[in-house]
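> this one's structure only:
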DNA sequence: CTTCATGGATTACGTGTGTAATCTATGGAT
DNA sequence: ATCCATAGATTACACACGTAATCCATGAAG
């Protein structure tokens, strides 16, 4: 037992807007140090290194990143997969805004956004697959 | 000019979790007083009337509800349509979590949720319509 | 007329968020 | 041996949010 050994909670913690940008770096790059994260964020944000450090620390505190000592620096690693966190956010978003219902959400999107043809086809393929998976045979 | 005459902003303000619950009451019922809103919220939340009042006041301040004097009470009316607010939230959610892309969102949903057959069909119809609208003739 | 319930206004208070600066220790450069 | 850049730790600070309580005025009830 190495001390501050926070057990992985069952569900991902809630991740704020700014924190998502940070998490995306770790999901893209895998385990990284502060310096590496700061470099990755240089294009695409104008955060000072201290700001990034604060966000990382908060993510550690809330259990979204784990820490491992690496020489005199720390290396941070996502505790949850991006897919898990995305799913969590998706559910909470649909619940809050659309009473949990997917159909009105997509209705709004296709009505007001111009969905390019190839996306429409991709979406259709998703539905086909979902149907196949759920109707094993027959 | 009656004083606190805030002009309708072009875009809906950002609406928090608790505030969504309140806005939904006004979208459902149309213009209503505090008392009516409190009654509507009694089932489905255990908020004290003062809490509801605070949320309404904040919604007025941020320009999501407008006020009109009605005897000694006020009547509150949504400034933006529910659809507008939903669209706004949808865009910001997709941007934050899925880099703005719809396909990965739906991919996650159909992979991890059991979408009932009739919803799948409803979603397909939405795609068909979207396609038709975007390919006027030809 | 007095009392009470209720609305609006003001105030509260802990936590989360965005955005850092300062303090302290130390590895690397000179 | 000394100085600097940088990491982690601590501290900051205003605004948003969830969740009210208190204060003041007034219409309704008695």
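Good, I have the coordinates. Predicted model only: the values in this text are computed from it and were never measured.

> all strands for chain A, in order.
Listed in chain order, the strands of chain A (DSSP state E) span A:32-33, A:65-70, A:73-78.

> quick one: distance of the second one to the chain centre.
Here the centre of strand A:65-70 is set off from its chain's centre by 19 Å, with CA atoms, centre = their mean, to the nearest Å.

> now do the last one
Here strand A:73-78 is found 17 Å from its chain centre; the criterion is CA atoms, centre = their mean.

> go on, the shortest one?
Between the centre of strand A:32-33 and the centre of its chain there are 17 Å (CA atoms, centre = their mean).

> need the contact partners of that strand.
Applying CB atoms under 8 Å, 6 or more residues apart in numbering or on different chains, the contact partners of strand A:32-33 are A:25-26, A:40, A:70, A:73-76. Any C-beta I mention is one placed from the backbone N, CA and C, and that applies to glycine too.

> is it positioned near DNA strand C?
No - contact of strand A:32-33 with DNA strand C (CB under 7 Å from any atom of the strand) is absent, the minimum separation being 13.2 Å.

> quick one, what contacts residue A:107?
Residue A:107 touches residue B:126, counting by CB under 8 Å, 6+ apart.

> so how far is residue B:37 from it?
To residue B:37, residue A:107 is 27 Å away according to CB to CB, to the nearest Å.

> also residue A:44?
The gap separating residue A:44 from residue B:37 is 42 Å, by CB to CB.

> more neighbours: which of those two?
Taking neighbours as other CB atoms under 10 Å in any protein chain shown, residue A:44 and residue B:37 compare with residue B:37 leading, 21 against 10.

> give the contact list for the residue nearest to that one when sequence neighbours are not counted.
Distances taken as CB to CB, 6 or more residues apart in numbering or on different chains put residue B:25 closest to residue B:37, at 5.0 Å, once the chain neighbours are dropped. Residue B:25 is in contact with B:32, B:37, B:40-41, counting by CB under 8 Å, 6+ apart.

> out of those, list just those in helices.
B:37, B:40-41 (DSSP state H).

> count of residues packed around residue A:76?
Residue A:76 has 26 neighbours, counted by other CB under 10 Å.

> one more: residue A:74?
Residue A:74 sits with 15 neighbouring residues when counted by other CB under 10 Å.

> for residue A:34, same thing?
Neighbourhood size, residue A:34 [other CB under 10 Å]: 16.

> if I look at the closest residue to it other than its chain neighbours, how far off is residue A:16?
Distances taken as CB to CB, 6+ apart place residue A:53 nearest to residue A:34, at 5.8 Å, with adjacent residues excluded. Distance of residue A:53 to residue A:16, given as CB to CB: 16 Å.
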